[in-house]
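Trainee: turn this into a model:
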Amino acid sequence: MDEDLKKLMGQGEGKATRSREQSGFSLKPDMLVKLAGDYDRDKPDFIHYLEWLGMLPRDVSKSAATFAKDSMETEVQLPGTTSSVKITRMPDGTAKIDSINGSSTEGWNVRVQSPQDQLKIWKKFVKGAYQMPSDTPHRAEIYQSKFAGLLQGKLGSSMRYQEPVALMIRQRMPISLFYGVIMMVLIYSICLPLGIIKAIKHRSWLDNFSSIAVFAGYAVPGYALGALLVVYVCAKGYFPMGGFVSENFSELGTFAKVKDLFHHAAMPLVCYLVGAFAMMTMMVKNSLMDHLASDYVRTAIAKGVSFKRAVFRHSLRNSLIPLATTVGGNVSILVGGSMFIEKIFDINGFGLLQFNALLERDDYVIMGTLTIAAFLMLIGNIISDIAVALVDPKISFE
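Mentor: Modelled structure (predicted):
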């Protein structure tokens, strides 16, 4: 958001030491201070972070006005109303707030920003020597504050769309969840049997051919493959070029809705699977081969146990331990999705929300999505520990 303020002031990269007149912009200090307040940049960054956490009260509504020259009084309009209140500036720098024509002052606080206070905000965004004009007026700001941060279950509101961040995440989560669940089902239902077959048929034509296929897919990033699919497959009309469903989705019948949904999902799912497919397959194969060469498997076979039973009853469970540790990481992908793939296919999911928030420098959305991603990673680690305990016979909850 700091870059946005600099762009508004016309200050580009490499112009940090140029004067205000040389740079040719006309933004005045009071305009900059207002923008800094609107974007929650009028206080030190650490204070804003504590407010976002909910450890300090945050300004949830505010309005401001400047004092006329040689005047100790001004009127500030109450946000969202046509009523105003009178602000009287005291010689000691404090101020008091009074009602005008019965306007309510309950819950409102006031602060006065001197020219020196405004100069500090100016220098935060404009580098180089600059002196505040001598006629810069004092500024009165009324505000209402309350604890409305993460500890109170609030993620703030988007500074660009003016919507609650929690609502924006909740609206987009089911879309990423749809792709994540299907991806998890396909990965484990295909990679697990394929890895077992590759381990049993090691160095056969099937193993060699499948290895070439999975590593070729692994070498291509999912988002790069997505760009190629859009150009060479979707643009030719075989699949939709983007979107989660068609515009007339609500008018379709049940079977047509299912068909339309998976018609749109086919190409993005290919991009989701291409990287994880190779990793999971080779992990199952290598782990199973290590256990098949272990002494306990050879001993079991020497005692008359069939090779099939040795594989599925003795070594397979131990071979799944490394796979169980990856479950937690996949949970984050399951819900969070991929911001690049969702951007390429214009899927309005959780990943695209993160991508747009970064481009638009929407701080509250960025912090909200990072919080959800960190929480999912924490839940994923717990799930991984439980999965390992269920698979590994040496680990017990008792």
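Trainee: residues in contact with G80?
Mentor: Contacts for G80 (CB atoms under 8 Å, 6 or more residues apart in numbering) come out as S61. The C-beta positions use only the backbone N, C-alpha and C, and glycine is treated the same way.
Trainee: please report how far it lies from I190.
Mentor: G80 sits 56 Å away from I190, going by CB to CB, to the nearest Å.
Trainee: so where's the chain shaky on pLDDT?
Mentor: Scanning the chain for pLDDT under 70 picks out 1-27, 128-134, 332-337, 396-398.
Trainee: run the last query once more with 80
Mentor: Counting by pLDDT under 80, the chain contains low-confidence residues at 1-31, 70, 93, 125-136, 275-278, 313-314, 317, 326-338, 391-398.
Trainee: how's it carved up into domains?
Mentor: Domain assignment for the chain by automatic domain parsing gives 2-152, 165-391.
Trainee: so where's the longest helix in this protein?
Mentor: Longest helix of the chain, by residue count under DSSP state H: helix 254-292.
Trainee: that helix packs against which elements?
Mentor: helix 165-200, helix 205-218, helix 222-229, helix 316-319, helix 321-324, helix 339-344 (3 or more CB pairs under 8 Å, 6 or more residues apart in numbering; DSSP states H and E).
Trainee: just to check, D30 is in contact with G37?
Mentor: No: if you go by CB atoms under 8 Å, D30 and G37 don't touch, sitting 10.7 Å apart.
Trainee: the nearest residue to I301 once chain neighbours are set aside in helix, strand or coil?
Mentor: Nearest non-adjacent residue to I301, counting by CB to CB, 6 or more residues apart in numbering: A310, 5.4 Å away. Per DSSP: H, G, I helix; E, B strand; the rest coil, the local secondary structure of A310 is helix.
Trainee: what do you get for I142?
Mentor: Under three-state DSSP, I142 falls in the strand class.
Trainee: tell me what it is bridged to.
Mentor: Beta bridges link I142 to S63, V110 when assigned by DSSP bridges.
Trainee: coming back round to it: and the domains of the chain: which comes nearest S158?
Mentor: Set against S158 and scored by CB to CB, the domains of the chain come closest in domain 165-391, at 5.2 Å.
Trainee: from the opening residue of that closest one to its closing one, how far?
Mentor: Using CA to CA, to the nearest Å, one end of domain 165-391 lies 39 Å from the other.
Trainee: what's the answer for stretch 209-227, then?
Mentor: Counting by CA to CA, you get 26 Å between the two ends of stretch 209-227.
Trainee: neighbouring contacts of it?
Mentor: Here stretch 209-227 has contacts from 194, 198, 267-268, 270-272, 274-275, 277-279, 281-282, 338, 340-341, 343-345, using CB under 8 Å, 6+ apart.
Trainee: now do that stretch: distance to the chain's middle.
Mentor: 26 Å (CA atoms, centre = their mean, to the nearest Å).
Trainee: for A65, what are phi and psi?
Mentor: Taking degrees, to the nearest 10, you get phi -160, psi 160 for the backbone angles of A65.
Trainee: sorry, back to before: the contacts of stretch 209-227, buried ones only, as a ChimeraX selection?
Mentor: Burial among the contacts of stretch 209-227 is assessed by 16 or more other CB atoms under 10 Å; the matching ChimeraX selection reads:
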select :194,198,267,268,270,271,272,274,275,277,278,281,282,338,340,341,343,344,345
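Trainee: so W52 sits against G149, correct?
Mentor: Yes: shown here, W52 and G149 form a contact pair, counting by CB under 8 Å, at 5.3 Å.
Trainee: need the overlap of contacts for those two.
Mentor: Contact with both W52 and G149 is made by residues R58, G156, according to CB under 8 Å, 6+ apart.
Trainee: compare these two (neighbour count), which wins?
Mentor: Set side by side, W52 and G149 show more neighbours around W52, with 23 against 20, by other CB atoms under 10 Å.
Trainee: tell me which residues in whatever helix or strand the more buried one lives in are buried?
Mentor: Using DSSP states H and E, W52 falls within helix 45-53. Judged by neighbour count (16+ other CB under 10 Å), helix 45-53 contains these buried residues: H48, L50, E51, W52.
Trainee: same list (these) but as TSV, adding distance to Q171.
Mentor: TSV is the format used below for the buried residues of helix 45-53 (distance: CB to CB, whole Å):
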residue	distance to Q171
H48	26
L50	29
E51	25
W52	21
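Trainee: for these, which one is nearest V297?
Mentor: Using CB to CB, those come closest to V297 at W52, 54.9 Å.
Trainee: which residues touch the closest one?
Mentor: Contact analysis of W52 by CB under 8 Å, 6+ apart lists R58, G149, L150, G156, Y364, M367.
Trainee: ok, and the most crowded of the residues you listed?
Mentor: Within those, neighbour counts (other CB under 10 Å) peak at R58, which reaches 24 neighbours.
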